[in-house]
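Asks: Sequence unavailable; structure follows:
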Ligand code: THU
């Protein structure tokens, strides 16, 4: 029997152990969540990507009356970052959510499609993208790489 690699992650109940840079990234994601267009789910997601040039690109979920036409915060942000900076390495992505209906205890884990998209950018740049997930109650989970969230991503090569 073969084994897939062990998934490592860090888990905290507050942001005290975060670096200044990670805090700024998270704060940017939170501010972006506040600007999300989520009138249908009332679940506002914000993401912020730190690039190699130290610029931060922020995005949020954009919903639509035709539900499948909407887009997740992670993909809005990653596509935008890659569209304007195709050659910049993505060092980290912070993701957080604000629900109009409840106090969230779990951070927003990226959906499968967003994991697939992030996995391809990670593989393309051959450098891991750290993933920082945060819930309103302080619950913080950090993964070192998209591979930890999506081993065996789809590839065509
Ligand atoms: N959503 C995200 O922004 N990211 C995810 O990874 C999963 C879900 C959004 C889509 C929709 O606007 C709302 O959250 C509820 O599903």
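Replies: Cool, got the structure. Treat the numbers as computed from the prediction; the structure is a model and nothing was measured.
Asks: contacting residues for residue 99?
Replies: When contacts are counted by CB atoms under 8 Å, 6 or more residues apart in numbering, residue 99 touches 42, 43, 44. (C-beta placed from N, C-alpha, C; glycine too.)
Asks: Select from the residues you listed the one having the most neighbours.
Replies: residue 44 (24 neighbours; other CB atoms under 10 Å).
Asks: my hunch is that it is in a strand, does that hold up?
Replies: Yes. Counting by DSSP: H, G, I helix; E, B strand; the rest coil, residue 44 is located in a strand.
Asks: which residues sit in contact with the closest residue to it other than its chain neighbours?
Replies: Once flanking residues are discounted, residue 44 sits nearest to residue 36: 3.8 Å by CB to CB, 6 or more residues apart in numbering. Listed by CB under 8 Å, 6+ apart, the contact partners of residue 36 are 44, 45, 46, 60, 61, 62, 73, 98.
Asks: from these, which would you call buried?
Replies: 44, 45, 46, 60, 61, 62, 73, 98 (16 or more other CB atoms under 10 Å).
Asks: Serialize these to TSV and add fields for pLDDT.
Replies: As requested, these are exported to TSV (pLDDT from 0 to 100):
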residue	pLDDT
44	98
45	98
46	98
60	98
61	98
62	98
73	98
98	97
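Asks: Relative to the centre of the protein, find the outermost residue for me.
Replies: The centre of the chain is farthest from one residue, residue 1, which by CA atoms, centre = their mean lies 33.0 Å away.
Asks: pLDDT weak spots in this structure?
Replies: Along the chain, no part satisfies pLDDT under 70.
Asks: Quick one: the helices in it, in order.
Replies: Along the chain, the segments classed as helices by DSSP state H run 20-33, 73-84, 112-125, 146-149.
Asks: With distance to the ligand as added columns, please give those in TSV.
Replies: TSV is the format used below for the helices of the chain (distance: least, CB to the nearest ligand atom, whole Å):
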stretch	distance to the ligand
helix 20-33	9
helix 73-84	4
helix 112-125	4
helix 146-149	11
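Asks: Grab the most central residue of the chain for me.
Replies: Against the mean C-alpha coordinate of the chain, by CA atoms, centre = their mean, the closest residue is residue 95 at 4.2 Å.
Asks: any idea how far residue 13 is from it?
Replies: Distance, residue 95 to residue 13, by CB to CB, to the nearest Å: 18 Å.
Asks: Repeat that for residue 88.
Replies: Taking CB to CB, one finds residue 88 at 33 Å from residue 13.
Asks: what does residue 38 give?
Replies: 26 Å.
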